[in-house]
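1. fold the following, please.
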Amino acid sequence: MKKFFEKLKYRFDCFLSKGTVSLVLSLFLLMFVIVLGIGIIIFIFDPSFDFGGLVWISFMQTLDPGNLSGEAGSILYMTMMTLATIVGIFITSLFISFILNGFQTRLEKLSRGRSKVIEKNHTLILGWNDNIYVIIEELIEANKSVRKPVIVILSDTDSIEMNQLIKDNIAKIYNTRIICRTGSIFRKVDLDMCSIAEAKSVIINENDLNTIKTLLVVVNTDFYTKEDGHISALMYDNLNISVAKNIGKEKLEIVYLKSSITRIIAQTCLQPGLSYVYNELLQFKGDEIYFYKDENLVNKIFGDLVTLFDQAIPIGVKSGAELLVNPDKNTVLEKGDTLILIAEDEDTAILNAENIPVDFRPIIDSKRISSQKQENVFVIGFNKKTVAVIKEFDNYLLEGSEIEVLVNSKESESHILELEPELKNIKLETFVGDTYKRSILNEYIRKDCNSIIIFSNNNVDKEEQDSQTLLTLLHLRDMEDELKTNFDIITEIYDVKNSEIVDLAKVDDFIISELIANKMLAQVSENRYLKDIFDHLLSDAGSEIYLKPITNYVDIENPLDFYTLSKSALLKDEIAIGYKHTIMNELPVVKINPIKSNKVKFNKQDCIIVISED
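-> This next block holds a predicted model:
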């Protein structure tokens with residue numbers, strides 16, 4: 001008998017542990033037993049009562065204590081009704097308590113971000129760090145023309161905290177709805193909670209190790225069984241890419257941070273203003289890269305397309321799996337081909353009714369000039385990117401070029417000097433001193449220093465890295481005024497949150513950080529084919545973006561429209577995508593995808609921005 005009661009107690013405890021519903025049902029059962037017992041006791045001592053009526057009256061007493069004041073009868077009857085009333089008060093209080101507790105538990109569960117997401121065609125972001133604000137802002141911009149867009153974020157960070165951080169760091173979300181869920185990105189059940197199978201794309205926002213661990217889980221979800229949808233991830237170590245690719249297979253697109261950033265630094269340092277071009281093309285705001293299809297383009301020659309768009313610039317062709325940037329100008333577009341173009345929006349890429357006649361008179365018939373040249377570059381600071389950037393310079397500079405490097409320790413200097421045997425075109429010279437002190441900068445930086453790169457020092461506290469970088473930059477700006485010269489300065493910012501601080505008034509300044517890579521990551525998440533285009537433009541082989549003297553293309557005596565500039569570049573097997581224009585006593589203006597019919601009076605120091613195989 002003892003074991004029977006133990007088992008009964010265990011079963012009852014298990015039933016109660018199921019939550020609010022089981023507790024309420026238990027109270028109903030207890031109330032039923034008490035009401036039935038009271039009815040039986042009264043009926044036994046006074047059979048003249050109707051048994052059903054007794055049970056009903058007893059039940060009413062438990063629900064409403066006020067009913068007792070209208071009752072009259074024997075002492076036993078009144079005693080039982082009083083007992084029913086007292087039991088009713090007790091049970092009703094418990095009912096209210098259990099129901100309120102159930103609602104509170106449910107609200108807490110919702111606030112913890114553990115409820116199922118019922119969405120389709122959403123973007124799912126896995127992981128949380130400071131880069132996420134850049135990704136969200138880019139996706140919000142991309143979603144402005146999308147109906148009811150949704151971004152779902154899964155992280156082990158508390159969902160209330162995530163929502164608050166998003167409100168604090170992102171000014172406007174416009175028409176985009178952002179849903180935060182708390183959970184592990186390494187658990188399939190949590191990925192399913194975020195409806196990963198219904199997502200249009202997945203972004204992994206984590207370090208390399210966590211990215212690989214996450215991929216192992218994602219490949220086992222239903223997301224991998226459907227044809228559409230892809231994963232985008234940012235990786236920091238080249239050795240980890242092949243491992244990730246073996247896991248993610250054809251659904252994975254990887255943005256390699258080191259490769260992208262080092263090439264951008266090298267290219268923009270040698271071409272002031274190019275930074276603005278990359279910043280424009282790598283974000284959704286403003287002009288960006290689109291894929292365009294139109295049956296009217298079939299059998300058209302690519303070289304003729306420059307005069308068929310007034311507010312868009314064709315830069316390549318996607319034919320099946322093959323993607324060509326700056327193809328041969330005699331390439332014929334076939335049925336099924338997709339045109340790659342730069343435009344402010346898909347709606348502005350409108351075909352002209354006919355080819356616009358081009359004025360060939362100002363066009364100068366000259367050979368394409370190479371952008372490779374001898375250059376002296378001054379590098380300030382040292383971290384992992386510094387060595388990679390110097391190696392990259394060796395691909396862009398002619399023999400006899402010199403790079404001077406100011407570092408803050410002998411250890412950093414030794415890392416730089418280890419490069420010398422690998423460099424073919426560059427001579428290295430190193431100095432050791434505090435990179436942010438004015439006296440040191442005055443000693444080593446000359447008036448004729450044209451190109452300067454400031455790297456954050458990796459051997460100081462993270463909180464001080466950007467502070468030192470900013471102080472160095474401010475000293476250099478002050479030295480410009482004293483020396484009456486202009487430095488072309490490229491600035492690397494370690495913390496994405498500090499990027500807005502370095503908004504100094506010069507188009508040549510470029511903020512290098514994970515900001516750029518994460519903008520690229522957001523673009524690839526929306527269109528995976530952009531990855532191949534970015535790789536092509538940022539490679540030292542094939543066609544890249546250059547700023548070249550406009551006087552090598554056209555006679556600038558009279559105002560010119562961009563149709564003429566486009567045709568002049570096409571004759572050199574290049575694609576003109578914009579220009580850098582200087583107005584007297586004003587800062588240079590870099591314009592990408594100008595309205596071709598508008599005329600501009602150019603100056604000798606102006607440049608045409610081209611995609612060229614240099």
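
2. contacts only, for residue 126.
-> 154-155, 185, 191, 202-206, 214, 218 (C-beta atoms under 8 Å, 6 or more residues apart in numbering). From N, CA and C alone the C-beta is placed, and that goes for glycine too.

3. check residue 175 too.
-> 143-144, 146, 148-149.

4. residue ranges with poor pLDDT in the stretch 301-450 of the chain?
-> For the stretch 301-450 of the chain, no stretch is flagged by pLDDT under 70.

5. quick one, helices of it?
-> Per DSSP state H, counting those that start in this stretch, the stretch 301-450 of the chain carries helices over the ranges 384-396, 410-417, 438-444.

6. of the ones you listed, flag the one that's most buried.
-> helix 384-396 (a mean of 19; mean count of other C-beta atoms under 10 Å).

7. spatially central residue for this structure, please.
-> residue 135 (1.8 Å; C-alpha atoms, centre = their mean).

8. tell me the secondary structure at it.
-> Following DSSP: H, G, I helix; E, B strand; the rest coil, the label given to residue 135 is helix.

9. wait, residue 153 sits on residue 123?
-> No: counting by C-beta atoms under 8 Å, residue 153 stays clear of residue 123, with 9.4 Å between them.

10. quick one: list the elements packing against whichever strand or helix holds residue 231.
-> Residue 231 is part of strand 230-235 when elements are defined by DSSP states H and E. Packing partners of strand 230-235 (3 or more C-beta pairs under 8 Å, 6 or more residues apart in numbering; DSSP states H and E): strand 201-204, helix 208-218, helix 238-248, strand 252-256, helix 514-526.

11. what does that strand contact?
-> With C-beta under 8 Å, 6+ apart, strand 230-235 has contacts from 131, 201-206, 208, 211, 215, 218, 241, 244, 248, 251-257, 514, 517-518, 521, 524-525, 528.

12. give me that answer again for 6 Å
-> 201-204, 208, 211, 241, 248, 251-257, 517, 521, 524-525, 528 (C-beta atoms under 6 Å, 6 or more residues apart in numbering).

13. tell me where the stretch 51-200 of the chain has helices.
-> Using DSSP H, counting those that start in this stretch, helices in the stretch 51-200 of the chain cover 51-63, 75-111, 132-142, 159-169, 188-193.

14. so what's residue 475 up against?
-> 438, 441.

15. what about it, which helix or strand?
-> Counting by DSSP H and E, residue 475 is part of helix 462-483.

16. looking at that helix now, give me its mean pLDDT.
-> Averaged over helix 462-483, pLDDT sits at 88.

17. if you count neighbours, what's buried in that helix?
-> Counting neighbours by 16 or more other C-beta atoms under 10 Å, one finds that the buried residues in helix 462-483 are 465-470, 472-473, 475-476, 479.

18. just checking: what are the partner strands of the next helix or strand after that helix?
-> Sequence-wise, the next helix or strand downstream of helix 462-483 (DSSP H and E) is strand 488-492. When pairs are called by DSSP bridges, strand 488-492 turns out to pair with strand 451-454 (parallel), strand 510-512 (parallel).

19. where among those strands is the average confidence lowest?
-> For the strands paired with strand 488-492, where the average pLDDT is lowest is strand 510-512, sitting at a mean of 65.

20. CSV for the helices and strands packed on strand 230-235, including distance to residue 179 and mean neighbour count?
-> Below are these laid out as CSV (distance: least, C-beta to C-beta, whole Å; neighbours: other C-beta atoms under 10 Å):
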stretch, distance to residue 179, mean neighbour count
strand 201-204, 14, 26
helix 208-218, 18, 19
helix 238-248, 24, 15
strand 252-256, 24, 21
helix 514-526, 17, 25
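
21. tell me where the stretch 51-200 of the chain is predicted with low confidence.
-> Short version for the stretch 51-200 of the chain, where the test is pLDDT under 70: 54, 61, 63-73, 102-113.

22. with adjacent residues omitted, what lies nearest to residue 483?
-> In space, and not counting its chain neighbours, residue 483 is closest to residue 447: 4.6 Å by C-beta to C-beta, 6 or more residues apart in numbering.

23. I'd say the one you found and residue 480 touch.
-> No: between residue 447 and residue 480 there is no contact under C-beta atoms under 6 Å: 9.6 Å.

24. quick one: which of the contacts of residue 126 is nearest residue 418?
-> Taking C-beta to C-beta as the measure, residue 418 lies nearest residue 206 of these, at 31.4 Å.

25. contacts only, for that closest one.
-> Residue 206 makes contacts with residue 127, as judged by C-beta under 6 Å, 6+ apart.

26. please redo it, this time with the cut-off set to 8 Å
-> Taking C-beta under 8 Å, 6+ apart, we find residue 206 in contact with 126-127, 129, 185, 214, 233.
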